[in-house]
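> Pasting the sequence and the predicted model now:
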Amino acid sequence: MIVQISFTLNGRPTTIDVEPATLVAELLRERLNLTGTHIGCDTSQCGACVVHLDGLPVKSCTLLAAALDGTTLLTIEGLHGAPGSNQMHPMQEAFREHHGLQCGFCTPGMLMTAVALATEKPDLTEADVRHGLEGNICRCTGYQNIVVSVMAGAAAMNAARGE
Amino acid sequence: MGNVIGIGASPKRKEDQRFLTGRGNYVSDIKRPGMTAGVFVRSPHGHAILRGIDKSAALASPGVIAVLTGEDAAADKLGSLPCGWGITDAKGVPMKEPPFPMLAQGKVRFVGDMVAFVVAETPAQASAAAELLTVEYEVLPSVVGVLEAVRPGAPQLFDDVPNNICCDWELGDKAAVETAFRKAAHVAKLSLVNNRLIGNPMEPRAAIAEYEPGTDRFTLWTTSQFPHVVRFLMGALVLNIPQHKLRVVAPDVGGGFGVKQFHYGEEAVITWAAKRVMRPIKWVASRSEGYVSDRHGRDHVTEAELALDETGKFLAFRVNTLANMGGYLSTFGPNIPTNLYGPLLGGVYTTPAIYCNVKVVFTNTVPVDAYRGAGRPEATFVLERIVDVAASEMGIDRVEIRRRNMIPKEAYPYQTPVLVQYDSGDPMGCLDGALVAADVKNFDIRKAESARRGKFRGLGYSTYVEACGLAPSRFAGRLGARGGLYESATVRVHPTGQVTVMIGTHNHGQGHETTFAQIVSEKLGVAFDNVDIVFGDTDRVQFGMGTYGSRSLVVGGAALSKATDKVVAKGKKIAAHLLEAAEVDIQFEAGKFSVAGTDRMKTFEEIAGAAYVPHDYPLEVLEPGLEEQAYYDPVNFTYPGGCHIAEVEIDPETGTVTLVNYTAVDDVGTVINPMIVEGQLHGGIVQGVGQALYENAVYDEGSGQLLSGSLMDYCMPRADHMPMMNIATHSTLCTHTPMGVKGCGEVGTIGSPAAVINAVVDALSHLGVTHVDMPATPNRIWRLLQNASLPVAAE
């Protein structure tokens, strides 16, 4: 059985046939060549695969692609604006500025969670950030610079909203 | 365009743009035309005789291309996975070295041991076919703990390895130690376990292999920390592929921590299979697969004794350790609990006599090998724990007993009684800095405040030294290394003056593209943006030993420094000709070659241009081109060190340990990029905190099942486990590396476990607790508190 789904992917209308067992992370990586969404575990613990589904952060490794019909999906490739653009999102800039990444593997999922956190609660405290990142594991950074980056990124997002 | 950014600056990392925008290129992101999918079938038993494999149903499954087993590998006369270090016992008898077949032959020896490889058109088809493979096992009892494995009557993994002992290794002057113990005023004793860990880099291991019949060449993309070593070990020793016919590429790699520095059987199987099926094959491990196949770390059981005189001076240190090797010898396996452990038992102290015996033991568990720190965290842990025990028993302050025994700064270079000679260091300076930074003088106030809330607060110290930038090839060879320990760099100056560096180390998060570019930018006066660093591809990089043991900047950076010196030297010859001056009069500074005492000069770009467009060029005496290569073999290890102070609060109601403050003052030598060094320290500390408080690989004795086999059962530190850490460096310069660097990748992991456990024990000392094994989980602490049978709530 094949299911046809239509959804908005990084701002573009997308229609594709999928098998019912296909997961969103698999669809993105294998069919749509969007390899920025990473798969780091098989138990939905690590958070490397976080994307935004209708504006909310979800772990794309446990979501069936068939469920995407009629939704809006944002991946790391769509976070920084127009396709092909080298301009980065304020959260991406903050991670770069504060050394919030090392090997980069957890980074896309971490950024998607961070943007969602900052969107949901503009006045994030350190405790909010640490609690909010519980579903994203990083083995390299010890989290300290990630926490600093998220706080700075949230402040930059606030400033941008205020303009 | 752009600026020179040199040593000591913290430019933003060159590699970040691609990682932040999802444009990294990890192995699992790569696709090749006609690519198939491979799945490994792994033993579900810890120990079993392999009676037979029926492939028929799997082969008939849709999309299946091949099913390969150990019998096929044997028929193709493939070698077994080589061990890179051969150690010997005290009498010079070599370790027992049973073969490690890439696919099991005759017997399986751990859960996860590879039994077959299934290749199909898609991953789903390969997985479905793997389920249909009928493997007949005769299950044997498993032994997973080292104490159990050496007992008479224990299950035996190999017929010719009696008592499962691979090697009975020793180091130090046993007689001198015994004499010292007889004279001691006090002897402190401690039994401890250094728990088994799983590295868990966030990117699971993966590989793609391709064979091109037109050129008879193989390409292997693999998540490796050392592609050249994989090419050498796998090509020459396992598959018998000529080195020039084999390309190994390790592109962006999502973390290593040692786990990705070994030659794995999966790499050999997939490369061999790619030629058999004449199609590219991709294998990507699941996280759960990684738990039973990534090499594990640590796993020691140790009895230690420290002899002291009446003033608390250390007279002698004696250590007996049983070290778990797992089911086979991995690439560096036997080297870790021996050569990287025994020589570090001196720590930062003047202990005159040390003796260490290590029994290296086989068990039915995943092979154990180097994991961040490798041997040195184990040495630091036993030493720093027993120092606290001795201080407590003798009634001496824990800081004071350390001061009384520390090697003074002026005593360097310092020869220890266990092989190594520290070139430089200042442990007392690190300790003093850490005491202030951790606000130790006000600890009692904080402890009283915790007590008012019914909580126990503790402070723990760890002063340590490590040996990294693994050392001269000649010395390593005497210790049993079967490879060299040098590094290489090629500096290619393009006709326009931009620079590409080919370096034999590997970048998997450490920021090499940035740090190494800073070195070139400073040394050649070239803009930082005009330097690119190439690594991880045996076709593009001349040779290299990769990244492990904090060696990249220490050894690779030295090779790079040497190669840039050669570029400058050649540039001076060219400039002398162009400026019609004597070569000795040419100075090079800030990207300009000038004649001393004059304003005549040529820019670096002009010299590069002249080298490639040699119209006015000394062709009679100098070759065109501006590309230089250097190989650097270090003269000694480097010895980073430092002092870590952990402060914990324990909730007696639940046994939960909360890390409330963490301070580290580390001596890493010259700091090239402070931002990156600090990031390395943060990450290392949290990995050590993970070992101390959360992480544990637990096996079931008898069945050999790994009980902590996924991220749901193995607790990795998360953001809310940590406080903001307080990090500083207090550096003395390495006296023998060109830039004075010592290495920083592992110091955090080496210093932190002892600091945290010493803090936990301190917090519980009023209840008579003298030791807590790692990890100090709520369950373990709660049980201790119940056994202390004190009315804890009334505190």
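Cool, the structure landed.

> Just list the residues touching the closest residue to B:D113 other than its chain neighbours, thanks.
Sequence neighbours aside, B:S43 is the residue nearest to B:D113 in space, at 4.3 Å (criterion: C-beta to C-beta, 6 or more residues apart in numbering or on different chains). Where C-beta positions appear, they are placed from N, C-alpha and C, glycine not excepted. By C-beta atoms under 8 Å, 6 or more residues apart in numbering or on different chains, B:S43 lies in contact with B:A104, B:V108, B:F110, B:V111, B:G112, B:D113, B:M114, B:V115, B:Y137.

> One more pass at 10 Å, please.
B:50, B:104, B:107-115, B:135, B:137, B:292, B:327, B:364, B:704 (C-beta atoms under 10 Å, 6 or more residues apart in numbering or on different chains).

> Per-residue confidence, the residue of chain B found nearest chain A, what does it come out as?
Chain A sits closest to B:G22 of chain B, with a gap of 1.9 Å, by C-beta to the nearest C-beta. Looking at B:G22, its pLDDT reads 95.

> Could you grab the helix/strand/coil label for it?
coil (DSSP: H, G, I helix; E, B strand; the rest coil).

> okay but it is in contact with A:C49, surely?
No - using C-beta atoms under 10 Å, B:G22 is not in contact with A:C49; the gap is 11.6 Å.

> Show me which residues of the lengthiest helix in chain A are buried.
For chain A, the helix with the greatest residue count under DSSP state H is helix A:144-162. By neighbour count with 16 or more other C-beta atoms under 10 Å in any protein chain shown, helix A:144-162 contains the buried residues A:144-157.

> Next to chain A, which bits of the stretch 51-200 of chain B? Give me the list.
B:T122, B:P123, B:A124, B:G199, B:N200 (C-beta under 10 Å from any C-beta of the partner chain).

> What's the local residue count around the last one?
This points to B:N200. 25 (other C-beta atoms under 10 Å in any protein chain shown).

> Could you list the low-confidence segments of the chain?
As the question left the chain open, I've gone with chain A. A:82-85, A:163 (pLDDT under 70).

> switch to chain B, that's the one I care about
Using pLDDT under 70, chain B drops low at B:1, B:789-795.

> For the residue of chain B positioned farthest from its centre, what are phi and psi?
Outermost residue of chain B with respect to the C-alpha centroid, by C-alpha atoms, centre = their mean, is B:E580; its distance is 51.4 Å. Backbone torsions of B:E580, given as degrees, to the nearest 10, read phi 50, psi 50.

> what do you get for B:L707?
phi -80, psi -30.

> which residues in chain A form strands?
A:3-9, A:12-18, A:50-53, A:56-59, A:72-74 (DSSP state E).

> now do the stretch 451-600 of chain B
Along the stretch 451-600 of chain B, the stretches classed as strands by DSSP state E, counting those that start in this stretch are B:456-465, B:487-493, B:499-503, B:531-534, B:586-589, B:592-595.

> Just send the ones you listed back as JSON lines, with distance to B:L619 too.
Shown next, in JSON lines, are the strands of the stretch 451-600 of chain B (distance: least, C-beta to C-beta, whole Å):
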{"stretch": "strand B:456-465", "distance to B:L619": "52"}
{"stretch": "strand B:487-493", "distance to B:L619": "18"}
{"stretch": "strand B:499-503", "distance to B:L619": "23"}
{"stretch": "strand B:531-534", "distance to B:L619": "28"}
{"stretch": "strand B:586-589", "distance to B:L619": "19"}
{"stretch": "strand B:592-595", "distance to B:L619": "19"}
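
> Out of those strands, which gets nearest to B:V387?
Proximity to B:V387, assessed across the strands of the stretch 451-600 of chain B by C-beta to C-beta, is greatest for strand B:456-465 (8.5 Å).

> ok now do the residue nearest in space to the middle of chain A, which residues does it touch?
Closest to where the C-alpha atoms of chain A average out (C-alpha atoms, centre = their mean) is A:M112, at 2.7 Å. When contacts are counted by C-beta under 10 Å, 6+ apart, A:M112 touches A:36-37, A:47-52, A:57-60, A:74-76, A:79, A:91, A:136, B:22.

> hang on, the earlier thing: what packs against the longest helix of chain A?
helix A:90-97, helix A:107-120, helix A:126-132, helix B:674-693 (3 or more C-beta pairs under 10 Å, 6 or more residues apart in numbering or on different chains; DSSP states H and E).

> To B:G641, which of those helices lies closest?
helix B:674-693 (13.0 Å).

> Name the residues of the helix or strand following that closest one that are buried.
Later in the chain than helix B:674-693, the nearest helix or strand by DSSP states H and E is strand B:725-729. Using 16+ other C-beta under 10 Å as the test for burial, strand B:725-729 gives B:M725, B:I727, B:A728, B:T729.

> cool, and stretch B:271-282?
Result for stretch B:271-282 [16+ other C-beta under 10 Å]: buried residues B:T271, B:W272, B:A273, B:A274, B:K275, B:R276, B:V277, B:R279, B:P280, B:I281, B:K282.
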